[in-house]
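Chemist: Here's my sequence, what's the structure:
(one chain, ligands or ions: 1)
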Amino acid sequence: MIDPDNTLRRNFIKNTLAAGVAVAVLPADNISSAETQPVAAGLIRGRKVRVAVIGCGNVSGSYFPTLVASPHVELVACCDIVPERAEKAAKKHKVPAFFPHIDALLAGPEFDLLVNLTDIQQHHQVNHKALSASRHVWSEKPLGITHVQARELVELAASRNVQLLGSPTVVASPQFAFMARMVREGKLGKVAAAHASYGHLGPSWSSFFYDKDGGTLFDLGVYSITTLTGLLGPAKAVVAMTGIVTPTREIQGKGRIQVAAEDNAMVILDHGDGVLSHIQSGFNYFSAREHEDTESTHHTLSVVGTKGSMHLAGYDWGPHGVDLATAESGGHLQRFAAEPGDYQWQYGAAKMAEFLATGVRPRFTVAHAAHVAEIIAGAHQSQATGMRIALTSTFDPVVLD
Ligand SMILES: NC(=O)c1ccc[n+]([C@@H]2O[C@H](COP(=O)([O-])OP(=O)(O)OC[C@H]3O[C@@H](n4cnc5c(N)ncnc54)[C@H](O)[C@@H]3O)[C@@H](O)[C@H]2O)c1
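Modeler: Sure, this is the predicted structure:
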C-alpha cells in the first residue's frame, strides 16, 4: 500500500495519542515499491548474468545448486573471509575464481550480481560496498539491522541504477498465493487476527546468530513477519517482549560463547483497522527434525476472520498446503494448495538473475524486505523501552500471478 501523504501514519499517531497510549516515533523514512528501481534498470540482454557469491558457509550449500541449475546464471567468483571455504566451494561448484575479501572480489573478474550470504551483522557493509561498485545485489535477510540502513541501501541502488532484492522469498510460494487470495476475496469475512510460530534449538555452527544484532527475529521470525505483512498489509506499530533463555552456548570450533541477542521473542503487530497479528520465534523450541524440517506438516501460521479461518501446513519457507474452514463450506477444514509448484526458499538469487535477464519481477520486493527490517528493529526498541513503536515504512500489496 502506498501512502504518499503519510496519512495513515498521521491518523494512526493522532488516534493513538488521543487514546493516551505511549508512542515512540522513529524518524519518517518511508520506502514504497514506487520508489524502487524501474524494471529497465540494469537489465542484462544477450548473455547470462555473471554472479559472484560472498559467504561460503552453511546456507551457500543450498544456494549454489540453484545457481548452477539456472539457465540465466554464469558463476564467475566466490569469496569468504575464511579462504579455505571459498576455495572448497569454488572446487565443488566449478567456480573459476575465489577471493578472501570483498575488495579483492570487486577488483577481480567482472560480475553483475553479488549474492550476499554472510553473517547477519555483515550484510549492510557488504551490500553497501557492492552497490557502491554498481553491482546488483541479492542479500540474505536482513538487508541491514535497522530500517535506516535498509533505506540507505535502497537509495544507493537507485542512484547507481542497479537492483537490490533480499530474502525471504516466502511470498512466492503457491500456498502464500492461495492464502492471499482467500483474504482478498473475503472468504474469511473480515480478517481479525493471525498467529505464526517458528523455532528450533538454534544453529551450532556460527556464533553470529547469538552475538549483538543477531537473534531469532532476524534469523527466524523474519519469515513469519514477511508472510503475515504480505497477507494483512504493512504494520502500523509493533510491541514486543524478548528474552534470553540460554545464556551460553557451545559453538563448533569456538567453544562456549555468551549469548547477547534474544533467543526468545514475542511480537504483536497492528495492521490498522483493528487487525492484529502475533509472531513468536525462538532458539529453544524442541523440533524433532531440527533445522532442515521441510518434512514438517504441523500448522505454523493461522489467520482468522468473521467467516472462516485458514492454517498453513508446514513452515512458510517449506509449505505443504493450506487447511481452510469457512462458514460457506460448513466449517470443516479442507486441504488446498497442496501442489509444491517450483517454489524453493533458497531460489531467491536465481530468481533475481532471471529477473535481470528477462525483466520478469519476482513477487518479493525490496520495499517489503525494508519494512520487515523496520519491524524487527522496532521490536528490539519496544523491548528496550517498554513502549509501543510506531512504524513509518510501507510496501505495495504483493502482486499475485
Ligand atoms: N544456514 C541456513 O540454513 C540458513 C537458511 C536461510 C538463511 N540463512 C541466512 O544466511 C546467512 C548466513 O548463514 P549461514 O548459516 O550460512 O552462516 P555461516 O556462518 O555458515 O556462513 C557465513 C559465511 O560468511 C563468511 N563471512 C562472514 N563475513 C564475511 C565477510 N565480510 N566477507 C566474506 N565472507 C564473510 C563466514 O566466514 C562464513 O563462511 C545468515 O543471514 C542466515 O540468517 C541461513
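
Chemist: Can you get me a residue count around the nearest residue to residue 214 once chain neighbours are set aside?
Modeler: In this structure, residue 214 finds its nearest non-sequential neighbour in residue 261, 4.2 Å apart by C-beta to C-beta, 6 or more residues apart in numbering. In this view, the C-beta of every residue, glycine as well, is placed from N, C-alpha and C. Burial measure for residue 261: 23 neighbouring residues, criterion other C-beta atoms under 10 Å.

Chemist: do the same with residue 339
Modeler: Other residues within reach of residue 339, judged by other C-beta under 10 Å, total 10.

Chemist: try the one 4 residues further on
Modeler: Here the neighbour count serves as a burial measure; for residue 343 (other C-beta under 10 Å) it reads 18.

Chemist: Please identify the helix or strand for it.
Modeler: Assessed by DSSP states H and E, residue 343 sits outside every helix and strand.

Chemist: Now do it against residue 49, distance only.
Modeler: Here the distance between residue 343 and residue 49 works out to 21 Å (C-beta to C-beta, to the nearest Å).

Chemist: Ok, residue 72 next?
Modeler: From residue 72 over to residue 49 (counting by C-beta to C-beta), the distance is 5 Å.

Chemist: Find residues that contact each of these two.
Modeler: Shared contacts of residue 72 and residue 49 (C-beta atoms under 8 Å, 6 or more residues apart in numbering): 353, 356, 357.

Chemist: and which of the residues you listed is nearest the ligand?
Modeler: Proximity to the ligand was ranked across these by C-beta to the nearest ligand atom; first place goes to residue 353, at 18.0 Å.

Chemist: Once you drop chain neighbours, what's closest to residue 321?
Modeler: By the measure of C-beta to C-beta, 6+ apart, the closest residue to residue 321 outside its immediate chain neighbours is residue 338, 4.0 Å from it.

Chemist: Can you pull out the low-pLDDT segments for the chain?
Modeler: Where the chain drops to pLDDT under 70, the residues are 1-41, 288-293.

Chemist: Give me the most central residue, it.
Modeler: If you average the C-alpha coordinates of the chain and look for the closest C-alpha using C-alpha atoms, centre = their mean, you land on residue 168, 3.4 Å from that point.

Chemist: for it, what are its contacts?
Modeler: The contact partners of residue 168, by C-beta under 8 Å, 6+ apart, come to 141, 222, 223, 226, 317, 345, 348, 364.

Chemist: What is the neighbour count of the closest residue to the fifth one other than its chain neighbours?
Modeler: It refers to residue 317. With C-beta to C-beta, 6+ apart as the criterion, residue 317 has its nearest non-adjacent residue at 3.9 Å, and that residue is residue 345. Other residues within reach of residue 345, judged by other C-beta under 10 Å, total 21.

Chemist: Isn't residue 345 up against residue 176?
Modeler: No - proximity of residue 345 to residue 176 does not meet the contact threshold set by C-beta atoms under 8 Å, at 11.6 Å.

Chemist: do the longest helix seen in the chain and the ligand meet at all?
Modeler: For the chain, the helix with the greatest residue count under DSSP state H is helix 366-385. No - using C-beta under 6 Å from any ligand atom, we find that helix 366-385 stays clear of the ligand, coming within 12.1 Å at best.

Chemist: Appreciated, that's everything.
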